[in-house]
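**Q** Could you work out the structure for the sequence below:
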Amino acid sequence: MSDWPLLQQLAQAHGVQTSYETMTGERVTAQPEALVALLRVLGVEAGNTRQIRSAIKEHDNHIWNEPLGPAAVQWNRRPSVVRACLPGSHSGRFQASVHLEDGSKPVRLNRNASCVVARVESGDRTLDAVELTLPPLPCGYHELELEAGGRRWTSWIISAPTRSYSERNRRDWGLFLPMYAARTEQNWGSGNLSDWRQLCDWTASLGGRVAGTLPLTAAFLDHPQCDPSPYSPASRLFWNEFYLDITRIPEFEQSATARKHAGETSMQRRLKRFRSERLVDYEAEWRARREVLEILADEFFSKQNRKDRFERFLKERPEVRDYAAFRAVCDQRRESWHVWPRRLRDGELRAEDFDERTRNFHLYIQWQMQEQVDDLISHCREINVQFYLDLPLGVHPDGYDVWRQRSAFAFGASAGAPPDSFFTLGQDWGFAPLHPQRIRQQRYRYVIDYLRFQMRHTGLLRIDHVMGLHRLYWIPHGFKPTDGIYVRYAAEELHAILSVESHRYKTTLIGENLGTVPPEVNDAMARHDLRGMFVAQYQQRPDPKSALDLPAQRTVASLNTHDIPTFAAHWKGLEIVDHTKLGLVARNQVRAKRSDRAFLNEALVAFLRKQRLVKGKADLQEVLPAVLEWLARSPAEIVLINLEDLVLEEQPQNMPGTYKERPNWRRKTMRLLSEIMADPAVKRALRRVAAHR
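**A** Now for the predicted structure:
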């Protein structure tokens, strides 16, 4: 392509990588057609030479017309420099000041402290690069204002500690379980917040200090379509009401109608069936729960016995009104907002667009979820257990966030991952990525909102796909995942925001840095004190002397994650068979892979014998607690144990790359929670861990 050098120049100016390196070190260059399509997603037309040259000129002109960038970072309250590009005629006559977040008196910058550091001349125009020295600013968000020649420009200043919040010298352990997976004799088919409270109490009784689960953010359980994946939420700003314990709602205790409906033979038959099934039936369970919740909502709005508390909730979270209206329209129209009439699609909802009773229902259940979450968090603090939550990378394309915050998203592309040894054709995750330039121009309003929603309710927050702070693999619509291209984000600004918010909410951050991660990502995590992840399955070696790498101190160590086989399945090589059935592993490779797994297991047993962690028969039941004890002895700050590993579960919660092929995000524990907690072998394994923490 004759325009390739110019196209590369334009792409790089907009933060688009024109090539990337694979896991094997191979350099992959972007296809020109995919690059043109992706630039169009970013709002840049580059279909021919004239358009490319025009776009480059427009980008250059932007520098002349906008002397300040959208944002800048000051680390650790140290004097910092912001560069402004002013017309030469104004560089000696300007005023600059910083407006502080708390609204106190603006800080006027000393013009003598600035200087012209470079001069650019183009035709009859002269541009001076002027450095503005910022004094130490309080931690938070401030506005730099620059005035010259009768014009005014602003930039957003993020003043942040270099290192995010953390508790020093901790050696904790805890349990992980998807909330829906908890089976009890009391719940209505799948786990809820009361089940989780029971699990937290048991964890604390054994000395554990962490309780981890998958994202609890809002989901579509009925309209426009049911999507159970916690990593495709309808919103990252609201709760998934599926986890309510209806029997603990105050109105349930007061409502004879609701209790009668819940106690009817037909309802009890449904609940008994739900409890007996191994897989969660989200749609059927939600229909049953909604029947009772609608009775409670109707009675509340007719009586309003707790009106003051409800009004306080609305005052604290006024945005819930808009969300409830959106969900009411979804319920009424039963279709994606992408096909709504233009006015609704553009975000303008009127009272006649939805049923008020349905809107009130969504207000009510969000309030109830908030009350039960608040109660759980308060209880966890009382028993010294930290609630570990996970922040999803993306949101459902039909969801509230994309509808209301659409300018923050880049339509016309999906986020995903390039080909690797497992997903040889790459991955398309199906959600629109955040637009890197627009979120800067919006001063990261949406990003801060969803971070605050999470951090208000947890002391430990895991950032899914932490590499996304730096760059994300975009696939233009109409192209294959193999044709994707990396787009860069302003990583330092995002890390600064994470640091500010983590200190404000006293939340320790964990970055999911598994798989192929560029060195600069791990370097940034170390610099900003984000914990990394250590997964034993990824660190196994066929060497009896060093069968497991040692976890670093600033890590969360575990045997596996929700996306990979359980310990029992890994030990038996069950996923090899499953991957063969799915066509992910060629049949002629099965024998070699099974042989490799046997070598890994033998090396692990020899390694554990040398560590004096196994003595007798080195079977699965003996090796599992031994590996957990080895992790507990390691320097890792937190050891997180999948509760299902302790009962030798063989099926994963999620099989990446499958949607209909496997029942992802639906499998419940094979035994009741009470049975697991009473199991002597489970208790012995956890006591071995607790003894070294």
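**Q** drop to CA atoms for contacts and neighbour counts, all remaining ones
**A** OK.
**Q** I'd like the next helix or strand past the lowest-mean-pLDDT helix or strand in the chain.
**A** Lowest mean confidence among the helices and strands of the chain (mean pLDDT, DSSP states H and E): strand 115-122, at a mean of 66. Beyond strand 115-122 in the direction of the C-terminus, DSSP states H and E gives the next helix or strand as strand 125-134.
**Q** partners of that next one, with directions?
**A** Sheet partners assigned to strand 125-134 using DSSP bridges are listed as strand 80-87 (antiparallel), strand 115-122 (antiparallel).
**Q** average pLDDT for it?
**A** What strand 125-134 shows for mean pLDDT is 82.
**Q** Please apply the same query to stretch 495-506.
**A** In this model, stretch 495-506 has an average pLDDT of 98.
**Q** ok, now which ones touch residue 416?
**A** Under the criterion of C-alpha atoms under 8 Å, 6 or more residues apart in numbering, the contact list for residue 416 reads 426, 427, 428, 429, 430, 472, 473, 474, 475, 481, 484.
**Q** mind running it again at 6 Å?
**A** 427, 428, 429, 473 (C-alpha atoms under 6 Å, 6 or more residues apart in numbering).
**Q** Report the beta-bridge partner residues of the nearest residue to the third one once chain neighbours are set aside.
**A** Counting by C-alpha to C-alpha, 6 or more residues apart in numbering, the nearest residue to residue 429 once its immediate chain neighbours are dropped is residue 416, at 5.0 Å. The bridge-partner assignment for residue 416, based on DSSP bridges, gives residue 428, residue 473.
**Q** Run a quick neighbour tally on the closest residue to residue 44 other than its chain neighbours.
**A** Nearest-residue entry for residue 44: residue 55, 6.7 Å, with adjacent residues in sequence omitted and distances by C-alpha to C-alpha, 6+ apart. Look at residue 55: counted by other C-alpha atoms under 10 Å, it has 17 neighbours.
**Q** Distance check, residue 55 against residue 11.
**A** Residue 55 sits 10 Å away from residue 11, taking C-alpha to C-alpha, to the nearest Å as the criterion.
**Q** Same question for residue 583.
**A** In this structure, residue 583 lies at 36 Å from residue 11, with C-alpha to C-alpha as the measure.
**Q** Those two: which is more packed in?
**A** Here residue 583 and residue 11 are compared on neighbour count by other C-alpha under 10 Å; more neighbours surround residue 11, at 22 against 10.
**Q** neighbours around the nearest residue to residue 567 once chain neighbours are set aside, how many?
**A** The spatially closest residue to residue 567, leaving aside those adjacent along the chain, is residue 645, at 5.9 Å (C-alpha to C-alpha, 6+ apart). For residue 645, the neighbour count with other C-alpha under 10 Å is 20.
**Q** which other helices and strands contact the helix or strand harbouring residue 645?
**A** Under the assignment given by DSSP H and E, the secondary-structure element containing residue 645 is helix 643-646. Judged by 3 or more C-alpha pairs under 6 Å, 6 or more residues apart in numbering; DSSP states H and E, helix 643-646 has no packing partners among the helices and strands.
**Q** what's it in contact with?
**A** Counting contacts by C-alpha under 6 Å, 6+ apart, the residues outside helix 643-646 that touch it are 176, 567, 682.
**Q** which of the residues you listed tops the neighbour count?
**A** Counting neighbours by other C-alpha under 10 Å, residue 567 comes out on top of the contacts of helix 643-646 with 26 neighbours.
**Q** my guess is residue 592 is in a strand, correct?
**A** No: secondary structure of residue 592, determined by DSSP: H, G, I helix; E, B strand; the rest coil: helix, with no strand assignment.
**Q** any idea of the pLDDT on it?
**A** The predicted local distance difference test score for residue 592 is 92.
**Q** coming back round to it: now the angle from the host helix or strand of the residue nearest to residue 44 to strand 125-134?
**A** Residue 55 belongs to helix 49-65 when assigned by DSSP H and E. Interaxial angle, helix 49-65 versus strand 125-134 (axes from the mean of the first three to the mean of the last three C-alpha atoms, to 10 degrees): 50 degrees.
**Q** now the helix or strand just after helix 49-65, how far from the centre of its chain.
**A** Sequence-wise, the next helix or strand beyond helix 49-65 is strand 71-75, with elements assigned using DSSP H and E. The chain centroid and the centroid of strand 71-75 are separated by 24 Å, computed with C-alpha atoms, centre = their mean, to the nearest Å.
**Q** Do me a favour and average the pLDDT over strand 71-75.
**A** Average pLDDT, strand 71-75: 97.
**Q** Neighbouring strands of that strand in the sheet, and parallel or not?
**A** Using DSSP bridges, the strands paired with strand 71-75 in its sheet are strand 151-160 (parallel).
**Q** And the next helix or strand past the partner strand?
**A** Next in sequence after strand 151-160, counting helices and strands by DSSP H and E, comes strand 172-176.
**Q** by contact count, what packs against that following strand?
**A** Under the contact criterion of 3+ C-alpha pairs under 6 Å, 6+ apart, the helices and strands touching strand 172-176 comprise strand 210-212, strand 638-642.
**Q** and residue 129, how many neighbours?
**A** Residues contacting residue 129 under the criterion other C-alpha under 10 Å number 19.
**Q** and the gap between residue 590 and residue 564?
**A** Distance check for residue 590 against residue 564: by C-alpha to C-alpha, it reads 18 Å.
**Q** more crowded one of the two?
**A** Set side by side, residue 590 and residue 564 give different neighbour counts by other C-alpha under 10 Å, the larger being at residue 564 (19 against 16).
**Q** If I look at the more buried one, what pLDDT would I see?
**A** Predicted confidence (pLDDT) for residue 564: 93.
**Q** How about the secondary structure of it?
**A** Remark: residue 564 carries the secondary structure label coil [criterion: three-state DSSP].
**Q** How much space separates it from residue 576?
**A** Using C-alpha to C-alpha, one obtains 12 Å as the distance from residue 564 to residue 576.
**Q** any chance you could map the strands in the stretch 401-550 of the chain?
**A** Taking DSSP state E, counting those that start in this stretch to define them, one finds strands in the stretch 401-550 of the chain at 413-417, 427-428, 460-463, 471-476, 485-488, 508-511, 532-535.
**Q** Could you tell me the least trusted of the ones you listed?
**A** It's strand 427-428: among those, that one has the lowest mean pLDDT, namely a mean of 90.
**Q** Now do that one: everything it contacts.
**A** Here strand 427-428 makes contact (C-alpha under 6 Å, 6+ apart) with 416, 417, 481.
**Q** The last one contacts residue 423, doesn't it?
**A** No: under the criterion of C-alpha atoms under 6 Å, residue 481 lies out of contact with residue 423, with a separation of 10.2 Å.
**Q** Tell me which of those two has more neighbours.
**A** For the pair residue 481 and residue 423, the greater number of neighbours falls to residue 481 (24 against 13), based on other C-alpha under 10 Å.
**Q** got the contact list for that one?
**A** In this structure, residue 481 makes contact with 426, 427, 428, 475, judged by C-alpha under 6 Å, 6+ apart.
**Q** Look up how far residue 468 lies from it.
**A** Using C-alpha to C-alpha, one obtains 17 Å as the distance from residue 481 to residue 468.
**Q** Could you do residue 126 as well?
**A** Distance of residue 126 to residue 468, computed by C-alpha to C-alpha: 38 Å.
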